[in-house]
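Colleague: take a look and give me a structure for this.
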Amino acid sequence: MKRFQVITNCKGLTLIELMIVLVLSLLLMGAVYMTFQLQHSSGQAQTQVAATQQDIRAAMDVIAMDIMHAGLSRDPSDNIQGIPTGTSGTSTLQLQMDYTNDGATTGTDELVTYRLNNGNLERIDVNAGVTQILARNVTLLSFQYLGRTKTNTTQQIDPGAGTLSQAQARAVRFIEVTVTKEGDKVDPQTGNAIERTLSRWVCRRNGTIDEI
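Modeller: Down below sits the predicted model:
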């Protein structure tokens, strides 16, 4: 018959062993917390980026729609330039269309101006005196112009430091719109404001467009 000896130890954990367990537990909890904090900050940054990009896209869609309708008239005899002389440059754009009278022989054509004012991208209905803010915290709004030559090539139309002349305004076929916007909050990872830029070329489709 085999005999089994049961060894009992009633000493328990020593103070050093308990301290080691506590230190290891604290290190593990710290690592978990740091991982959570990193993921949370990354999620906040991505949310800010998405919101900033969405604001720019929404503003750009409105501008593009107006550019495509510039010069639109249901009456071929209307003298609508699309881009009035002396109104548009590299930082301001004014567009003309007859939304208000829909081709009637009397009435006021709609004039829409886009500009940057104290960080706000504004769409101004000139005749109605209504200002709509399309985006806030905008740091850059710029316009570049292209026209077509008689050889069916494109050429830049440069207003310089002023505005488009009558000949230049009538020759504009493509407009590049560039908008740079900062996010409403600071990136928690870098401490800097989130900034995104969107550029889009838009083609004028209406009205008389001269060759360069």
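Colleague: against Val172, how distant is the residue nearest to Gln168 when sequence neighbours are not counted?
Modeller: Spatial nearest neighbour of Gln168, excluding adjacent residues (C-beta to C-beta, 6 or more residues apart in numbering): Ile157 at 5.0 Å. Quick note: C-beta positions are derived from backbone N, CA and C, even for glycine. From Ile157 across to Val172, the span is 6 Å (C-beta to C-beta, to the nearest Å).
Colleague: pick out whichever of these two has more residues nearby.
Modeller: For Ile157 versus Val172, neighbours defined as other C-beta atoms under 10 Å are more numerous around Val172 (26 against 20).
Colleague: give me the contact list for stretch 121-129.
Modeller: Stretch 121-129 has contacts (C-beta atoms under 8 Å, 6 or more residues apart in numbering) with 59, 62-63, 66, 94, 100, 108-116, 130-136, 138, 141, 179.
Colleague: please redo it, this time with the cut-off set to 6 Å
Modeller: Outside stretch 121-129, the residues that touch it by C-beta atoms under 6 Å, 6 or more residues apart in numbering are 59, 108, 111, 113-115, 131-135, 138, 141.
Colleague: among the residues you listed, which one sits closest to Gln46?
Modeller: Using C-beta to C-beta, Ala135 is the member of those that lies nearest Gln46, at 19.6 Å.
Colleague: how close does that closest one sit to Tyr114?
Modeller: Using C-beta to C-beta, Ala135 is found at 11 Å from Tyr114.
Colleague: which of those two has more neighbours?
Modeller: A direct count of neighbours by other C-beta under 10 Å for Ala135 and Tyr114 places Tyr114 higher, at 24 against 21.
Colleague: which strand or helix spans that one?
Modeller: Element membership of Tyr114, judged by DSSP states H and E, is strand 110-117.
Colleague: centre of the chain versus that strand, how much separation?
Modeller: Distance of strand 110-117 from the chain centroid (C-alpha atoms, centre = their mean, to the nearest Å) equals 17 Å.
Colleague: helix/strand/coil for Arg205?
Modeller: Here Arg205 is recorded as coil under DSSP: H, G, I helix; E, B strand; the rest coil.
Colleague: got a list of what the residue sitting nearest the centre point of the chain touches?
Modeller: Nearest to the geometric centre of the chain sits Ile56, at 2.0 Å (C-alpha atoms, centre = their mean). The neighbours of Ile56, taking C-beta under 6 Å, 6+ apart as the test, are 179, 181, 198.
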